[in-house]
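J.: Next comes the sequence, and after it the predicted model I'd like to discuss.
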Amino acid sequence: MEVCSSWWHRWVPLLPALVDAGADLLLGSACVVCGLPGRVLCPGCRAALPLAAEIAWPSPTPSGLASPYATGPYEGALKAMVVGHKERGLLGLTRPLGDLLAVSVAASVDPEVPLVLVPVPSRPAAVRARGHDPTLAMARRAARVLRPDRDVVVARLLRTRSGVADQAGLDADERHANLAGSMAIRAGVARRLAGRRADVVVCDDVITTGATAREAQRALEAAGVPVSAVGAVAATVRRHAIGHKVPNSRPSLSRPPGTE
Ligand SMILES: [Zn+2]
């Protein structure tokens, strides 16, 4: 028994590393943040993820945008995870990204009120090309995380209309023009929610200019569905003007307009 017990104590702490090594052997995977062979997000990088969310106004803020929340700037680990999930189809990142989205959503609304999470719709061609819908997957995971404490549903209330170009490479004005009128509500789903008292939170991976979230909000509100907040994993950091001294090199999320 003594031999058995010491064997156990020696090997059990090594199990996570062995699992990672096995995953690497089988799948050739590595942590998207630090490159450590093994899981797509190593335990160390996962433990360093943010545990709180802040309000993150884009600059300039689209008029009337519901309060947007994010867990951190769109760089480093958060950027590596979002890109890995969205562009490389690393589905092992759905859980940690959904957990982060849940943190943002929880920060944005009253915990007593039932919640409806509305993922920003992806273009059908993008979903086909990627083989999955990253924002929908994250919203579903976020709902599962939040559900023990509250009434939460994911409602795919929105769809994209045809003729919308990919947003990458467009500036703020071009994004607003590209997106104006680009989303519509799925009437059948919306009817099921009519009359329910709930906070509706628009969910996205990244808040960049706020144009996508604002268009989602416009489409929902046009159908009589008020939006309480916007929840995202990350927000693009507002860059200071060239020549402006940045007092602290650590990037932070933007402040609400008018509160410098
Ligand atoms: Zn790592």
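T.: Arrived safely, thanks for sending.

J.: Can you show me the helices along the stretch 51-200 of the chain?
T.: Secondary structure of the stretch 51-200 of the chain, counting by DSSP state H, counting those that start in this stretch: helices at 76-87, 94-108, 124-130, 134-146, 172-179, 187-193.

J.: Out of these, which is closest to the ion?
T.: Proximity to the ion (C-beta to the ion) singles out helix 76-87 among the helices of the stretch 51-200 of the chain, at 8.0 Å. Yep, even glycine has a C-beta here, placed from its N, CA and C like the rest.

J.: In TSV: the helices of the stretch 51-200 of the chain, plus mean pLDDT.
T.: Output for these, formatted as TSV (pLDDT from 0 to 100):
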stretch	mean pLDDT
helix 76-87	97
helix 94-108	97
helix 124-130	88
helix 134-146	97
helix 172-179	74
helix 187-193	71
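
J.: Of the ones you listed, which is nearest P68?
T.: Within those, the stretch nearest P68 is helix 94-108; the backing value is 8.2 Å (C-beta to C-beta).

J.: I'd guessed T160 sits against A125; true?
T.: No. Under the criterion of C-beta atoms under 8 Å, T160 makes no contact with A125, lying 9.5 Å away.

J.: Look at these two and report which has more neighbours.
T.: The residue with the greater number of neighbours, taking T160 and A125 and applying other C-beta atoms under 10 Å, is T160; the counts read 20 against 12.

J.: mind putting the helices of the stretch 51-200 of the chain in JSON lines, distance to the ion included?
T.: Supplementary listing: the helices of the stretch 51-200 of the chain in JSON lines, determined by distance: least, C-beta to the ion, whole Å:
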{"stretch": "helix 76-87", "distance to the ion": "8"}
{"stretch": "helix 94-108", "distance to the ion": "11"}
{"stretch": "helix 124-130", "distance to the ion": "23"}
{"stretch": "helix 134-146", "distance to the ion": "20"}
{"stretch": "helix 172-179", "distance to the ion": "32"}
{"stretch": "helix 187-193", "distance to the ion": "38"}
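
J.: so which of those comes closest to T209?
T.: Nearest of these (C-beta to C-beta): helix 172-179, 4.2 Å.

J.: Tell me which other helices or strands the closest one touches.
T.: Contact analysis of helix 172-179 by 3 or more C-beta pairs under 8 Å, 6 or more residues apart in numbering; DSSP states H and E lists helix 211-222 as its packing neighbours.

J.: What count of nearby residues applies to D99?
T.: When counting by other C-beta under 10 Å, one arrives at 19 neighbours for D99.

J.: contacting residues around the residue lying closest to it once chain neighbours are set aside?
T.: Nearest non-adjacent residue to D99, counting by C-beta to C-beta, 6 or more residues apart in numbering: V145, 5.8 Å away. The contact partners of V145, taken as C-beta atoms under 8 Å, 6 or more residues apart in numbering, are G98, D99, A102.

J.: Next: A66.
T.: Applying C-beta under 8 Å, 6+ apart, one finds that A66 lies in contact with V202, A213, Q217, V227, S228, A229, V230.

J.: same thing but at 7 Å, please
T.: With contact set as C-beta atoms under 7 Å, 6 or more residues apart in numbering, A66 has these partners: Q217, V227, S228, A229, V230.

J.: Could I get these in a markdown table, plus columns for secondary structure and distance to the ion?
T.: Rendered in a markdown table, the data for these read as follows (DSSP: H, G, I helix; E, B strand; the rest coil; distance: C-beta to the ion, whole Å):
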| residue | secondary structure | distance to the ion |
| --- | --- | --- |
| Q217 | helix | 35 |
| V227 | coil | 35 |
| S228 | coil | 34 |
| A229 | strand | 31 |
| V230 | strand | 29 |
